[in-house]
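Novice: Below are the sequence and a predicted model for it; my questions follow.
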Protein chains: 2
Amino acid sequence: MSALPPFEFDEKILGQGAEISRRLDQLRLENFPPDAKKTLRRFPMSEVAHYLGISPNNLKRLHLEGKGPEPLIAAAGRRFYTAEQMMELRHYLDKNGRSDAKKYVPFRKPGEKLQVVAVVNFKGGSGKTTTAAHLAQHLALTGHRVLVVDLDPQASLSALHGFQPELDGNPSLYDAIRYDDKRRPIADVILPTNFPLLEIIPANLELQEFEFDTPLSMQTSNEGKRFYSRLGRSLAEVDERFDVVVIDCPPQLGFLTLTALTASTSVLVTVHPQMLDLMSMSQFLLMLGNFVKSIREKGAPVKIDWLRYLITRFEPTDVPQTRMLGFMQTVLAEELLKNPMLKSTAISDAGLTKQTLYEVERKSFSRDTYDRAIEALDAVNFEVQGLIHRAWGRM
Amino acid sequence: MSALPPFEFDEKILGQGAEISRRLDQLRLENFPPDAKKTLRRFPMSEVAHYLGISPNNLKRLHLEGKGPEPLIAAAGRRFYTAEQMMELRHYLDKNGRSDAKKYVPFRKPGEKLQVVAVVNFKGGSGKTTTAAHLAQHLALTGHRVLVVDLDPQASLSALHGFQPELDGNPSLYDAIRYDDKRRPIADVILPTNFPLLEIIPANLELQEFEFDTPLSMQTSNEGKRFYSRLGRSLAEVDERFDVVVIDCPPQLGFLTLTALTASTSVLVTVHPQMLDLMSMSQFLLMLGNFVKSIREKGAPVKIDWLRYLITRFEPTDVPQTRMLGFMQTVLAEELLKNPMLKSTAISDAGLTKQTLYEVERKSFSRDTYDRAIEALDAVNFEVQGLIHRAWGRM
């Protein structure tokens, strides 16, 4: 065998990237009919009651009394509601129930400011995208008006929502924060998802341009010098439309991350409980802290209501991981979310068809696997929801 | 409970980053005596024979005949050699053996060019650092003169080698590639490790500065316009000292990654076999390809000898993962390394004390766990070593 013949790296990987992308798209077409829009399943009564925060018996009585939307009735009398019907139920309960106003429709009241949650981590594989996607969907299912922003040029969160930047040519936040005259209002780049109440700004590769444009713009314009305010100012244009914004930040400490943090009211740091992950997290906290400090010295402090660390992909039977969890509990105390997110094959399985656990049908999984995962997810998401409501002064 | 009181984000995380870092250091001090330098265990005869590529019986006979270095003899007559003695054995065998010259000392011969292997991935958690660390150590254990470069500001690979940038104030490659007059020769930033034949350029947070300096320098100087040649030119200064350079690239597509790729003779892409990871990989291949193409159009083609994809953290019993593996085998064919790297708790466990699997003692693990992991690692690393030797025209 002779020496390997050298080849042009760019030609090779452009070909391979295109081929992998084409084949992944084939896979997608095998799983979804062509031109199919992402739809959402119906939710069984028990699940609807859970998200509404009422008992299944109450919900059943409501239906028997002919009140609220008419569910689909399947075999054995099981009742199923669409996500839209869940919303209708909320409004019905709010209007006709005996409890406090706004209990079932948790939209913001005057004086409660838009909550912007940045999901960050600096080590990939920490479950950032999974966390952001499930949090945003959970907030929508529990009645909040949510905007989820994919700021990672890798666009994994967009993919989960059925956007494929390389094929669909979707816009990204870059269109709304770029420095030149091609800039568009943020409303133009907000797209609907298959969840009522949940809208998205998807990502694409162009986002990376912001990292290259900003240092140049800083030299030549005031716009560039105030790069950190670009997302905040864009969000202000749509403030009234949403209760919560969830931002999936890129796993790097660049200008996109800094503009996201400056616009945020709270920060969720995802971390996988392993030594190397913790070490790099501490490094990056220091690095990020210094960047934010320099922005504060320019007169733009990052004031936040809460900061929490979320343990992800936790395996309770893994001894080194439990040691690391104990370590974090000692060091971070109350800033560690009480509920860790468990590692789950159900989530990976769902990812195969670009779905979250809130989208898949429970019956396609072994009950145990599904229930364990959804229970862990719900615990995390209700805990974060509690923080959001506390920031509004409720509770 | 009242509304959460807002606080300054930078102050909070600077405090927490420092505290986590301090506590992690305490953990380290509990595991290692203060001022301890990282040392290396002794290797049992079977392992030494494996790395040398001779039979244990031959090695035993050599010792019984009083030839080569004198091993430590432990209980039950078991023989142990230091890593330095393994090198001595190589030179002894090369001089006295009957086989082809250079079989045991695989140093480069005239005409064989320095091999520079970039380990890249764009999605974190893909096992990049673990791969780079074990590959570099394996190449050193099999007799190659290796330089490992940590280009990730998160410095995980440096940490594995006992460097703690936040405490030790070690240099990084930034000192050798910066644009101002503080630039130092690359030889100044190369440090020894606990492995003979293995040297390191550790990382620190300053590396990130290169991302901010470069776009500015591109506007004002020829040095900046030719940023992509900075690592290659630095490596040329130490070309004679090494056989292989392994670069752990940062998980982002910035100027550090581009200068690493321009200096490389081969590329190893690590990828965890899951849908979202594959999707982001295809996206980034396209993005990277376009960047490299633009560099080629400026007259600096990236010519490489080989490109391979390495499946990492593979769990053979995980059905979605095996499906994704099958997919990659179909699409990438011969560019997928034959041996995937298995997920291993032994590697995580070793990481707890900042060690690789080549450093820990087999007896501290359950044999099965250890043996399965080391077998998978060796298979991957010998396969890569084969590619390096083929690029030299050997085999």
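Specialist: Yep, it's here.

Novice: from the chain's centre, how far out does the longest helix seen in chain A sit?
Specialist: Once chain A is assigned using DSSP state H, the helix that runs over the most residues is helix A:367-391. Computed by CA atoms, centre = their mean, to the nearest Å, the separation of helix A:367-391 from the middle of its chain amounts to 13 Å.

Novice: ditto for stretch A:287-301
Specialist: Between the centre of stretch A:287-301 and the centre of its host chain there is 25 Å, according to CA atoms, centre = their mean.

Novice: mind listing the strands for the stretch 101-250 of chain A?
Specialist: For the stretch 101-250 of chain A, applying DSSP state E, counting those that start in this stretch gives strands covering A:115-120, A:146-150, A:191-192, A:198-201, A:244-248.

Novice: okay, now residue A:235: neighbour count?
Specialist: Taking other CB atoms under 10 Å in any protein chain shown as the neighbour definition, residue A:235 ends up with a count of 20. Bear in mind the C-beta positions are built from the backbone N, C-alpha and C, glycine included.

Novice: swap that for residue A:362, sorry
Specialist: The number of residues packed near residue A:362 is 15, by other CB under 10 Å.

Novice: Go ahead and confirm it touches residue A:370.
Specialist: Yes. Because the distance of 5.2 Å satisfies CB atoms under 8 Å, residue A:362 is recorded as touching residue A:370.

Novice: From residue A:381, how far off is residue A:369?
Specialist: Distance check for residue A:369 against residue A:381: by CB to CB, to the nearest Å, it reads 19 Å.

Novice: Likewise for residue A:322?
Specialist: Counting by CB to CB, the gap from residue A:322 to residue A:381 is 23 Å.

Novice: Equivalent analysis for residue A:210, please.
Specialist: Using CB to CB, which is the criterion applied here, residue A:210 is 30 Å from residue A:381.

Novice: Just give the nearest non-adjacent residue to whichever residue of the stretch 151-300 of chain A sits closest to chain B, would you?
Specialist: For the stretch 151-300 of chain A, the nearest residue to chain B under the criterion CB to the nearest CB is residue A:285, separated by 3.1 Å. Nearest residue to residue A:285 in three dimensions, chain neighbours excluded: residue B:17, at 3.1 Å (CB to CB, 6 or more residues apart in numbering or on different chains).

Novice: so what's the one you found up against?
Specialist: Taking CB atoms under 8 Å, 6 or more residues apart in numbering or on different chains as the definition of contact, the neighbours of residue B:17 are A:282, A:283, A:284, A:285, A:286, A:288, A:289.

Novice: now those in a markdown table, with distance to residue A:76 and pLDDT?
Specialist: Compiled in a markdown table, the contacts of residue B:17 are given as follows (distance: CB to CB, whole Å; pLDDT from 0 to 100):
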| residue | distance to residue A:76 | pLDDT |
| --- | --- | --- |
| A:282 | 54 | 84 |
| A:283 | 56 | 77 |
| A:284 | 53 | 79 |
| A:285 | 53 | 88 |
| A:286 | 58 | 83 |
| A:288 | 54 | 85 |
| A:289 | 57 | 89 |
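
Novice: Out of these, who's the most crowded?
Specialist: Of all these, the highest neighbour tally under other CB under 10 Å goes to residue A:283, namely 26 neighbours.

Novice: That residue touches residue B:155, doesn't it?
Specialist: Yes. Between residue A:283 and residue B:155 a contact is recorded at 6.3 Å, counting by CB under 8 Å.

Novice: list residues touching both of the two?
Specialist: Shared contacts of residue A:283 and residue B:155, counting by CB under 8 Å, 6+ apart, come down to B:165, B:205.

Novice: For the stretch 51-200 of chain A, what lies in contact range of chain B?
Specialist: Where proximity means CB under 8 Å from any CB of the partner chain, the interface of the stretch 51-200 of chain A facing chain B comprises A:122-126, A:129, A:153-156, A:159-160, A:165-166.

Novice: which among the residues you listed gets closest to residue A:218?
Specialist: Closest approach to residue A:218 among these (CB to CB): residue A:153, at 20.5 Å.

Novice: residue contacts, the closest one?
Specialist: Residue A:153 is in contact with A:203, A:204, A:205, A:206, A:207, A:208, A:250, B:253, B:283, B:287, counting by CB under 8 Å, 6+ apart.

Novice: same question, residue A:54
Specialist: Contacts here follow CB under 8 Å, 6+ apart; on that basis residue A:54 touches residue A:93.

Novice: if we can go back for a sec, looking at the strands of the stretch 101-250 of chain A, spot the one closest to residue A:335.
Specialist: Residue A:335 sits nearest to strand A:115-120 of all the strands of the stretch 101-250 of chain A, at 14.0 Å, using CB to CB.
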